[in-house]
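> Next comes the sequence, and after it the predicted model I'd like to discuss.
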Amino acid sequence: MVDVVSKLPHVGTTIFTVMSQRAHETGAINLSQGFPNYDPPMRLKELLAHHANAGQNQYAPMMGVEGLRQQIATKLQRSHGRAFDAQHEVTITLGATEAIFSAIQALVHPGDEVIIFDPSYDSYAPSVLLAGGKPVHIPLEPPSFTIDWQRVRESINARTRLILINSPNNPATTVLSTDDIRELANCVRNSSILIISDEVYEHIVFDGRRHVSLCGHAELAERSVSVFSFGKTMHATGWRIGYAVAPANLTREIRRVHQFNTFTIATPLQYAIADFLREAPSHNEELAGFYTQKRALFLDRLKGSRFRWVPTAGTFFQLLDYSGISSQSDMEFADTLIRDAGVASIPLSPFYAKPPAAKLCYLRFCFAKTDDTLAQAAERLCNL
């Protein structure tokens, strides 16, 4: 057997795969991995069948189907008030994860430092390491999970190449405010620091909040790559279609990596989404109300439980505080829930490079599920 030196020796199987597999093995209700258990809109599926039957089954252009990129530019101007060049500033990718990976490989050089806020999505740090960069982890302390901007300023140095933000945040479920964005701008002003902004849950914000996209920020847009996902907005996570929006000089570098990574994305899916965006421009605007109802149902059914919570600010996840139930670690208690309650969740500790000062007594539950599934899961949690 030939010895292989791992490039990611400390990276194992993702917690999403582990918990979904445990749910499958035990028959637990799976509120762990973030995917709906209902279909995309019927019209979207009809459009997919139409384009597949109409012969749109060969390679699409490397940067994405022109009609889809144009629809994205229209959407961005409507949502964020900024005109984008669909030819030179919008790239269709294999989901948001590939967009982030390709951007990091394109923009981070060996020895560069990248600031990441923990709990962070699990693909961020490995992508930085594969580019030869150094992840600089800044923990967000529970229960607020807010950014300490003074600590950010103290972490910036001559090697800082990139800051990676995520709002609405998975798994912390927080939403950056206009004050946060102003602090971010203050931190990078008069520097060459770039920003990747993971905004895949952009339309899923609650209680009158407004998502602040870097796309619409006059100063930050010039140094930012904003990443989005149709999987989240179209209830079609298995379609794996996202996109990256950036100034032409950054887009050029991202495409240089993208063309040798995935090269091109499934053609009929792109045509179907382009038509759906044109036919149903109100779909995205209805998502907050749709998920507000699901959040309310889940939390209302949990009122008889011993869990505590603050209603999620954004994403289709809800954090539950179990400190009134158990002193176990979050990994241990997540396993207890699968075994004793038949409900799978996601612990937060795997998303930290180092545990925060405050003990983590939170589990993340996905409420992008049918009402019956949410009601059954809540009943089991109440009976724990």
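Looks like it arrived, so ask away.
> Who does residue 319 form a beta bridge with?
residue 364 (DSSP bridges).
> For it, give me the pLDDT.
Residue 319 is assigned 98 on the pLDDT scale.
> which parts of the longest helix seen in the chain are buried?
Of all the segments assigned as helix in the chain under DSSP state H, the longest by residue count is helix 283-301. Within helix 283-301, the residues that count as buried by 16 or more other Cβ atoms under 10 Å are 283, 284, 287, 288, 291, 294, 295, 297, 298, 299, 301. Heads up, the C-betas are built off the backbone N, CA and C, glycines and all.
> Phi and psi next, for residue 382.
Here is the backbone geometry of residue 382 (degrees, to the nearest 10): phi -70, psi -30.
> Going forward, count from 194.
In the new numbering, first residue 194, that becomes residue 575.
> which residues touch it?
Contact analysis of residue 575 by Cβ atoms under 8 Å, 6 or more residues apart in numbering lists 494, 495, 497, 498.
> Quick one: which of these has the lowest pLDDT value?
Across these, the bottom pLDDT score, 88, is held by residue 497.
> I'd like to know how far the closest residue in space to residue 506 that isn't next to it in sequence sits from residue 319.
Nearest residue to residue 506, sequence neighbours excluded (Cβ to Cβ, 6 or more residues apart in numbering): residue 368, at 4.4 Å. Residue 368 sits 25 Å away from residue 319, going by Cβ to Cβ, to the nearest Å.
> What ranges does the stretch 444-577 of the chain have for its strands?
Secondary structure of the stretch 444-577 of the chain, counting by DSSP state E, counting those that start in this stretch: strands at 510-514, 536-537, 539-540, 555-559.
> helix/strand/coil for residue 362?
With DSSP: H, G, I helix; E, B strand; the rest coil as the basis, residue 362 sits in coil.
> okay, it: pLDDT?
At residue 362, pLDDT is 97.
> contacting residues around the residue most central in space within the chain?
When Cα atoms, centre = their mean is applied to the chain, the residue found nearest the centroid is residue 393 (4.9 Å). Taking Cβ under 8 Å, 6+ apart as the criterion, residue 393 is in contact with 289, 363, 420, 421, 422, 424, 425, 435.
> List phi and psi for the second one.
In this case it means residue 363. Taking degrees, to the nearest 10 as the convention, residue 363 sits at phi -110, psi 120.
> I'd like to know how many residues surround the nearest residue to it once chain neighbours are set aside.
Of all residues not flanking residue 363 in the chain, residue 508 sits nearest, at 5.3 Å (Cβ to Cβ, 6+ apart). Residue 508 has 29 neighbours, counted by other Cβ atoms under 10 Å.
> Thanks a lot, catch you later.
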